[in-house]
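# Here's a sequence, model it:
(one chain, ligands or ions: 1)
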Amino acid sequence: MEKILILDFGSQYTQLIARRVRELNVYCEIHPFNKIPEIETDVKGVILSGSPSSVRDVEAPNPDLKNIRTKLPLLGVCYGAQLLAKQSGGEVEGAPSREYGRAMLTVTSPNDPLMIGIPSPTQVWMSHGDTITELPPSFKIIGSTENVKVAAYHIDDEPTWGIQFHPEVYHSLAGKDILANFVLGICGCSGSWSPDSFIETTVEDLKERIGSDRVILGLSGGVDSSVAAMLLHKAIGDHLTCIFVNNGLLRKNEFSDVLNSYKGMGLNVIGVDASEKFYADLKGVTDPEQKRKIIGRDFVEVFNDEAKKIKDAKWLAQGTIYPDVIESCSVKGPSATIKSHHNVGGLPKEMNLKVVEPLRLLFKDEVRRVGRALKMDPKLLGRHPFPGPGLGIRILGDVTPEKVRILQEADAIFINNLKEAGLYDEVWQAGVILLPVQSVGVMGDERTYENCVALRAVISTDGMTADWVHLPYEFLAKTSNQIINKVKGVNRVVYDISSKPPATIEWE
Ligand code: XMP
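Below is the predicted model:
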């Protein structure tokens, strides 16, 4: 399989480069700059990412590129471009002021292979504190902006290019075309890596690796585990046993609905209702992290008890996706913590299972594309993300079955209304939070003292940042009315208008 290597120098945009390359139907992998893998014949080209570092720092990343440069097509982006210039004796200096934002690129060599068909001028996105002030003699400028003379260069008689701007960012209007010129044109990739070809090779690979062994997989109702299950099902049919645990903290009717839809897809699935165990163990616990730990631990126990009954199991399948496995040298932001509390599953050690992760090469949007190619129900593929600990972290304070009931009812009204109003797919994630607050109300002639719920709806691409959604007032009015009238125990509804950061999506 042909591939592009992306060497990561820690830029916040590295994954975006990978996604753009994948959008060209070319497989690519991200590796840290200090762990360059063996360059096999399937590598068709290399991209060097940007970085928060400055090439002028003594400590700055400065890998030896002798196995790559001149041997393979090479494109340096931002820091990558500066590094190549500096390594060849060029000058890089601190820019008078950090250049951040839009700039207009004038293509000065329209016949250069990297610039073929690129309009001039074209808007590009800059984000750098340093600038190349002097190029080695063999480096030829192929594009400039008003402030940055060396915005793009090509090294004479060498398949090496550098660009100061970020082609991977949406605001670089011809960015994808420039990447296409590199990946499809210069590197000569065929662009044949599609969901269908992924399914074909993955299914073949799974058949070969697993043979007639039995595989266990924990389904969560989410997109990743469902698509992983379907791929395995295609490869090994009934040798896959899926376990779907009801922790009592799922959405209203979710356990039975999802279980039925899994069965409808032909999956061999065992549904385990362990709600009572979770409620018992959560009784009186108010600390969010404690709740998460209990829910995680209970899940592992229930899952393991069930898995142990499958005597001849040899493999545990997981829905791990590419962002979870990229060994990145990026500065660890909030993502590091999010990851730690995402991993609710666990491996029953004494069972000695081998792990199989059919989606570990894919980004989330690619998992959906694969799901579509597998003809899976669009409703299942389009579902909002839902946290592993479920409603357990949307009930602030201690969890009781009665509170779960109240929240499930309110949540179902909100989500159904979003669907009915055609808003569900425009929202990235939505849900209701049950607050530990009682307030006074009047219903008929009676004074009430009941619960308050908060509605939350956000747009986001990966959950790292999020904006609250400007839902129409009429929609909010109708939803609030229905919740207060229909859900016994709720007399007040508020709408959360906080963005992340500084707030988070969940309240706990
Ligand atoms: P926050 O609240 O950190 O959430 O802005 C970001 C995304 O992560 C989800 N989330 C979790 N997912 N276990 C999970 O599996 C958790 O403990 C957990 N906490 C938050 C949240 O729903 C959102 O999609």
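# so who does the residue of the chain positioned farthest from its centre touch?
Largest separation from the mean C-alpha position in the chain: D445, at 50.9 Å (Cα atoms, centre = their mean). If you count contacts by Cβ atoms under 8 Å, 6 or more residues apart in numbering, D445 has none. C-beta coordinates here come from the backbone N, C-alpha and C atoms, glycine included.
# For the ligand, see how far away it is.
41 Å (Cβ to the nearest ligand atom, to the nearest Å).
# for D177, same thing?
Distance from D177 to the ligand, by Cβ to the nearest ligand atom: 33 Å.
# can you pull the pLDDT of that residue?
For D177, the pLDDT comes out at 98.
# ok so it is a strand residue?
No. Under DSSP: H, G, I helix; E, B strand; the rest coil, D177 sits outside any strand and is assigned helix.
# Quick one: name whatever helix or strand follows the least confident helix or strand in the chain by mean pLDDT.
The helix or strand of the chain with the lowest confidence, counting by mean pLDDT, DSSP states H and E, is helix 334-342 at a mean of 39. Counting by DSSP states H and E, the next helix or strand C-terminal to helix 334-342 is strand 354-356.
# Name every strand pairing with that next one and say which way it goes.
strand 313-317 (parallel) (DSSP bridges).
# any idea which element the closest residue to N62 other than its chain neighbours lies in?
Closest residue in space to N62, ignoring its immediate chain neighbours: L83 at 6.9 Å, by Cβ to Cβ, 6 or more residues apart in numbering. Per DSSP H and E, L83 falls inside helix 79-87.
# what about that helix, average pLDDT?
So the average pLDDT for helix 79-87 ends up being 98.
# And whichever helix or strand comes after it, what's buried?
For helix 79-87, the succeeding helix or strand toward the C-terminus, using DSSP H and E, is strand 91-107. In terms of neighbour count (16 or more other Cβ atoms under 10 Å), strand 91-107 has its buried residues at V92, E99, A103, L105, V107.
# so the second one touches H128, yeah?
To tie it back to what came earlier, the one meant is E99. Yes. Using Cβ atoms under 8 Å, E99 is in contact with H128, at 5.8 Å.
# For the stretch 401-508 of the chain, which segments count as helices?
401-420, 473-486 (DSSP state H, counting those that start in this stretch).
# Go through those helices and name the closest to the ligand.
helix 401-420 (13.1 Å; Cβ to the nearest ligand atom).
# Now do the closest one: distance to the chain's middle.
Helix 401-420 sits 26 Å away from the centroid of its parent chain (Cα atoms, centre = their mean, to the nearest Å).
# Buried residues in that helix, which are they?
403-404, 406-415, 417-418.
# got TSV for those residues, with pLDDT too?
Formatted as TSV, the buried residues of helix 401-420 follow (pLDDT from 0 to 100):
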residue	pLDDT
K403	98
V404	98
I406	98
L407	98
Q408	98
E409	98
A410	98
D411	98
A412	98
I413	98
F414	98
I415	98
N417	98
L418	98
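# Closest one to L16 out of these, please.
L418 (28.7 Å; Cβ to Cβ).
# give the contact list for that closest one.
Shown in contact with L418 (Cβ under 8 Å, 6+ apart): Y424, V427, A430, A457.
# got a winner among those for most neighbours?
Among those, the one with the most neighbours (other Cβ atoms under 10 Å) is A457, at 28 neighbours.
# wait, what's in contact with that one?
Each residue near A457 by Cβ under 8 Å, 6+ apart is listed here: L418, V427, Q429, A430, W468, V469, L471.
# The fourth one contacts I459, correct?
No. With contact defined as Cβ under 8 Å, A430 does not count as touching I459 (10.1 Å).
# shared neighbours of those two, anything?
By Cβ under 8 Å, 6+ apart, the residues touching both A430 and I459 are V469.
# Provide the secondary structure category for the residue of the stretch 51-200 of the chain found nearest the ligand.
Proximity of the stretch 51-200 of the chain to the ligand (Cβ to the nearest ligand atom) peaks at Y170, 22.1 Å away. Secondary structure for Y170, judged by three-state DSSP, is coil.
# And it, its phi and psi?
Note on Y170: its backbone torsions stand at phi -50, psi -40 [degrees, to the nearest 10].
# Enumerate every residue touching it.
W125.
# ditto for the one 4 residues further on
With contact taken as Cβ under 8 Å, 6+ apart, A174 is in contact with I118, P119, T122, V124, P167.
# Please export the C-alpha coordinates of the helix holding L83 as PDB.
As requested, C-alpha coordinates have been extracted for helix 79-87 and formatted as PDB (Å, rounded to 0.1, in the frame of the first residue of the first chain):
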ATOM      1  CA  TYR A  79       8.900  24.900  10.600                       C
ATOM      2  CA  GLY A  80       9.700  22.000   8.200                       C
ATOM      3  CA  ALA A  81      10.600  24.600   5.500                       C
ATOM      4  CA  GLN A  82      12.700  26.600   7.900                       C
ATOM      5  CA  LEU A  83      14.500  23.500   9.100                       C
ATOM      6  CA  LEU A  84      15.400  22.400   5.500                       C
ATOM      7  CA  ALA A  85      16.700  25.900   4.700                       C
ATOM      8  CA  LYS A  86      18.700  26.100   8.000                       C
ATOM      9  CA  GLN A  87      20.200  22.600   7.500                       C
END
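# Give me the angle between it and strand 91-107.
Orientation check (axes from the mean of the first three to the mean of the last three Cα atoms, to 10 degrees): helix 79-87 against strand 91-107 gives 130 degrees.
# coming back round to it: tell me which two of the buried residues of strand 91-107 sit farthest apart.
Longest span within those, Cβ to Cβ: V92 and V107, 22.7 Å.
# Where does pLDDT dip in the stretch 201-350 of the chain?
328-350 (pLDDT under 70).
# rerun that using 90 as the cut-off
For the stretch 201-350 of the chain, the stretches flagged by pLDDT under 90 are 300, 311, 323-350.
# Next, the closest residue to L74 other than its chain neighbours: phi, psi?
Excluding the flanking residues, the one nearest L74 by Cβ to Cβ, 6+ apart is T160, at 4.6 Å. As for T160, its main-chain torsions (degrees, to the nearest 10) stand at phi -120, psi 130.
# begin at 32 from here
With 32 as the first residue, the last one maps to T191.
# L103 is in contact with T191, correct?
No. In this structure T191 lies outside contact range of L103 using Cβ under 8 Å: 9.3 Å.
# So if I had to pick from the two, which one is more boxed in?
T191 (24 against 18).
# now that one: how far from P167?
Per Cβ to Cβ, to the nearest Å, T191 is found 11 Å from P167.
# again with G242
Counting by Cβ to Cβ - G242 and P167 are separated by 55 Å.
# More neighbours: which of these two?
Each of G242 and P167 has its neighbours counted (other Cβ under 10 Å); P167 has more, 16 against 10.
# tell me which element that one falls in.
Assigned by DSSP H and E, P167 belongs to no helix or strand.
# Report the contact partners of it.
A116, S119, G120, G121.
# go on, A183?
Here A183 is in contact with 136, 138, 145-146, 172-175, 192-196 (Cβ under 8 Å, 6+ apart).
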